[in-house]
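sequence first, then the predicted structure:
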Amino acid sequence: MNTKNPDKVVIVGGGTAGWMTASYLKKAFGDRLSVTLVESGKIGTVGVGEATFSDIRHFFEFLDLKEEDWMPACNATYKLAVRFQDWQRPGHHFYHPFEQMRSVDGFSMTDWWLQDGPTDRFDRDCFVMASLCDAGRSPRYLNGSLLRQEFDERAEEPAGLTMSEHQGRTQFPYAYHFEAALLAKFLTGYSTDRGVQHIIDEVQEVKLDEHGWISHIVTKGHGDISGDLYIDCTGFRGVLLNQALGVPFISYQGTLPNDSAVALQVPLDMKTRGIPPYTQATAQEAGWIWTIPLFGRIGTGYVYAKDYCSPEEAERTLREFVGPEAADVEANHIRMRIGRSEQSWKNNCVAIGLSSGFVEPLESTGIFFIHHAIEQLVKHFPGADWHPQLRAGYNSAVSNVMDGVREFLVLHYKGAGRNDTQYWKDTKTRAIPDALADRIERWQVQLPDSENVFPYYHGLPPYSYMAILLGTGAIELRPSPALGLADSTAAQKEFAAIRDKAQFLVDTLPSQYEYFAAMQKLP
Ligand SMILES: Cc1cc2nc3c(=O)[nH]c(=O)nc-3n(C[C@H](O)[C@H](O)[C@H](O)COP(=O)(O)OP(=O)(O)OC[C@H]3O[C@@H](n4cnc5c(N)ncnc54)[C@H](O)[C@@H]3O)c2cc1C
Ligand SMILES: N[C@@H](Cc1c[nH]c2cc(Cl)ccc12)C(=O)O
């Protein structure tokens, strides 16, 4: 057994997970921790992963990075929501925004809306952000100030919180879109400038000692590399944790339909097309297509189930959806491993990123998982005795976050009104986690709240469940019976205030294109 505190980390993998981990650990521990990152020059990264949660701001703040430090280098834009197009029925859309749900007289505006909402657009009636998205607005004015009113919550939020400390106490109004490859490149520079050793080579063997702990890795051109703690960021391959240490992988495939994707990176004439301030998820015959607007191009891809659609058909559908700009762009076909490792930390090996788990990209959670895992690793970092309780605490937090997001994603398919193809018909009859079935029954008479959603931290607040349930439309919800006896005057006033606030912001904020063109001094 070791007698010294582990102070030598070896990371294998140079995708978003590898470089986010390297940069964060180096910032956390400085020169007291040696960090080496080995990445193959031949095995590519997954090449996607370009929309985030709003919580990612805590990652950049921890690295002491302001938006102006990293956004231009990553062609980044703002994301106010996910726009779900054609999930309830063709031609219908709704938003899942970064905006708290207001309450009046102890009941959420969703409840009041079910009782007597002003229009048939739940999202526009209850969220200001839905109108800003429809109008393509930026969340910041040209002078850089953030949209006002209750979104100025950061004023009360203490600075320097990690995501785990913050845990959704206030809701910041936007997230980001960024080019994955450019972020990895940016973080490579950040990391190596602070002493991370970067080795470009392939790990050919992982050597274990008699206790099943990693003693060293064998590389093709740099010999043996040893450390105290090994971090597996090798993507879906799981070279260290799943292959070498044999940790089983728990598939979610029985409850989530999609296992494949095809992606395109398409140049965009922003001046004519604008830069929509949201990720779009457009339902298709056998899955859905993501459209992520970046500065200068879009990232787009069809996420589908191979039992219902071939890769060739998926690529044809995607190219048709994008139009002529996609003609000369090469497609990236991806097989997705959906589920999570039974435990992400075994002995002296921690998996972070796709090697740990993945639930499909519908709500942009892959990078959130990475950020959460890194924070938890720092919180549970091993001492000289490698106390097993630290590994147990880490594994429980990481497994819960993935199991919780899995449930939330299953709800999107279970709740989708679409039933015009076998794929969508099967989403209604496919097995769902028992606990989710119980929750759906409860939500039909009592809306999602902090007591009746997935009980462990998984990054999604109750209002996210409301947005998806009301937006997808297939699960019938009823207002609280109490509202039949209540005076709705104050609630109606709040609906009017939301409408007026939205109109004021739409009238005064620049478009996202105007904002970024001004920031980047475009003609
Ligand atoms: C279709 C799709 C869409 C997605 N969209 C989003 C999104 O919008 N938002 C989001 O948050 N997440 C998204 N994700 C998830 C996101 O892409 C990943 O979480 C993120 O890219 C991290 O990937 P990774 O670093 O774990 O793996 P990878 O990017 O696959 O990197 C693996 C690394 O390991 C290296 N490697 C592998 N084997 C060896 C070896 N033997 N020796 C040395 N090096 C090795 C490779 O060279 C590479 O550098 C998406 C995922 C998919 C599949
Ligand atoms: N903590 C997450 C939860 C969240 C709240 N609203 C949204 C909307 C979308 Cl599209 C994703 C995630 C979320 C966060 O604030 O990022």
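Thanks, I have it. Residues are numbered from 1 along each chain as shown. Ligands and ions are numbered 1, 2, ... in the order given.

taking the stretch 51-200 of the chain, what residue is nearest to ligand 1?
With CB to the nearest ligand atom as the measure, residue 51 is the residue of the stretch 51-200 of the chain nearest to ligand 1, at 3.8 Å. Where C-beta positions appear, they are placed from N, C-alpha and C, glycine not excepted.

what's the nearest residue to that residue if we skip its chain neighbours?
The spatially closest residue to residue 51, leaving aside those adjacent along the chain, is residue 364, at 3.9 Å (CB to CB, 6 or more residues apart in numbering).

what's near enough to touch the one you found?
Listed by CB atoms under 8 Å, 6 or more residues apart in numbering, the contact partners of residue 364 are 51-53, 79, 82, 175, 279.

got the residues of the stretch 251-400 of the chain near ligand 2?
Residues of the stretch 251-400 of the chain lying close to ligand 2 (CB under 6 Å from any ligand atom) are residue 363.

again with the chain
Near ligand 2, when you scan the chain using CB under 6 Å from any ligand atom, you find 53-55, 81-82, 96, 98, 168, 171, 175, 363, 459-461, 464.

can I get the buried part of those as one ChimeraX selection?
Restricted to buried positions by 16 or more other CB atoms under 10 Å, the ChimeraX selection for the residues of the chain next to ligand 2 reads:
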select :53,54,55,81,82,96,98,168,171,175,363,459,460,461,464
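
what's the nearest residue to residue 42 if we skip its chain neighbours?
In space, residue 42 is closest to residue 202, 6.4 Å off (CB to CB, 6+ apart).

for ligand 1, see how far away that neighbour is.
4 Å (CB to the nearest ligand atom, to the nearest Å).

now that residue: phi and psi?
phi -100, psi 140 (degrees, to the nearest 10).

that one: neighbouring residues, count only.
The number of residues packed near residue 202 is 17, by other CB atoms under 10 Å.

would you agree residue 74 is in contact with residue 184?
No. Between residue 74 and residue 184 there is no contact under CB atoms under 8 Å: 9.4 Å.

ok so, going back, sec struct for the residue nearest to residue 51, please.
coil (DSSP: H, G, I helix; E, B strand; the rest coil).

re the thing from before, hmm, which of the residues of the chain next to ligand 2 is lowest in pLDDT?
Of all the residues of the chain next to ligand 2, residue 168 carries the smallest pLDDT score, 77.

A strand includes that one, no?
No. Read with three-state DSSP, residue 168 is coil and lies in no strand.

what's around the nearest residue to residue 427 once chain neighbours are set aside, how many residues?
Nearest non-adjacent residue to residue 427, counting by CB to CB, 6+ apart: residue 413, 4.0 Å away. Residue 413 has 24 neighbours, counted by other CB under 10 Å.

which helix is the longest one in the protein?
helix 388-415 (DSSP state H).

which other helices and strands does that helix contact?
Packing partners of helix 388-415 (3 or more CB pairs under 8 Å, 6 or more residues apart in numbering; DSSP states H and E): strand 339-341, strand 345-346, helix 366-379, helix 422-429, helix 434-443, helix 462-472.

can you lay out the ones you listed as CSV showing distance to residue 68?
Shown next, in CSV, are the helices and strands packed on helix 388-415 (distance: least, CB to CB, whole Å):
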stretch, distance to residue 68
strand 339-341, 36
strand 345-346, 36
helix 366-379, 21
helix 422-429, 43
helix 434-443, 42
helix 462-472, 29
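
pLDDT of stretch 375-383, averaged?
On average, stretch 375-383 scores 98.

please export the C-alpha coordinates of that stretch as CSV.
What follows is stretch 375-383, C-alpha atoms only, in CSV (Å, rounded to 0.1, in the frame of the first residue of the first chain):
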residue,chain,number,x,y,z
GLU,A,375,-15.4,18.3,-9.5
GLN,A,376,-16.3,15.1,-7.7
LEU,A,377,-12.8,13.7,-8.3
VAL,A,378,-11.3,16.8,-6.6
LYS,A,379,-13.8,16.5,-3.7
HIS,A,380,-12.9,12.7,-3.3
PHE,A,381,-9.3,12.9,-4.2
PRO,A,382,-7.4,9.9,-2.7
GLY,A,383,-5.0,10.2,0.3
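
appreciated, that's everything.
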